[in-house]
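Enquirer: I'd like to go over a predicted model; first the sequence, then the structure.
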Amino acid sequence: MVCLGNICRSPLAEGIMQEKINQKKLSWEVDSSGTGAYHSGELPDPRSIKVAKSHNIDITNQRARQFQSQDLDNFDLILTMDASNYQNVKRLATSKEQEEKIHLIMNFASPGMNQIVPDPYYGNDGFENVYEMLDEACECIVEQFS
């Protein structure tokens, strides 16, 4: 799960997916990161923590980290939140195999629409909407791959 700073969208996506993995008893590993290192080592944004908690998901064990090129080898899917994240990660790919792992997460819920997950950082009202979008996408991913 990849966004810009790894404190708002991707921690929510990681938490949502981890909850679904636990519920379905899947042997998957999920992680999140940001294309920038602005918040490395920090907790998720308090608003992300709050909206996750309102859905009985605890994301306070997460710490922000920057996406690394080795993530392209270590993970089967690289799910980005918007076109900028997608392009930034794609620039790090060194093979067609790596490039094929990179997707906009919402294309699993709305194939081919290239819908982005809006960054709620500069407002207070977008976190629940982001949660709902990511929950839908994660459910589609679980259905497709489990």
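Expert: Now that the structure is in, tell me what you want to look at.
Enquirer: ok, the nearest residue to Trp28 once chain neighbours are set aside - contacts?
Expert: In this structure, Trp28 finds its nearest non-sequential neighbour in Ile21, 4.9 Å apart by Cβ to Cβ, 6 or more residues apart in numbering. In short, each C-beta sits where N, CA and C put it, glycine included. Contacts here follow Cβ atoms under 8 Å, 6 or more residues apart in numbering; on that basis Ile21 touches 28, 30, 142.
Enquirer: by neighbour count, which of those residues wins?
Expert: Val30 (19 neighbours; other Cβ atoms under 10 Å).
Enquirer: so that one sits in a strand?
Expert: No: the assignment for Val30 is coil, going by DSSP: H, G, I helix; E, B strand; the rest coil, so no strand is present there.
Enquirer: my read: it touches Glu14, true?
Expert: Yes: contact criterion Cβ atoms under 8 Å: Val30 and Glu14 qualify, at 5.3 Å.
Enquirer: what do these two both touch?
Expert: If you check Val30 and Glu14 against Cβ under 8 Å, 6+ apart, the residues they both contact are Met1.
Enquirer: the residue nearest to Trp28 and Ile141, how far apart?
Expert: Here the criterion is Cβ to Cβ, to the nearest Å. By it, Ile21 lies 10 Å from Ile141.
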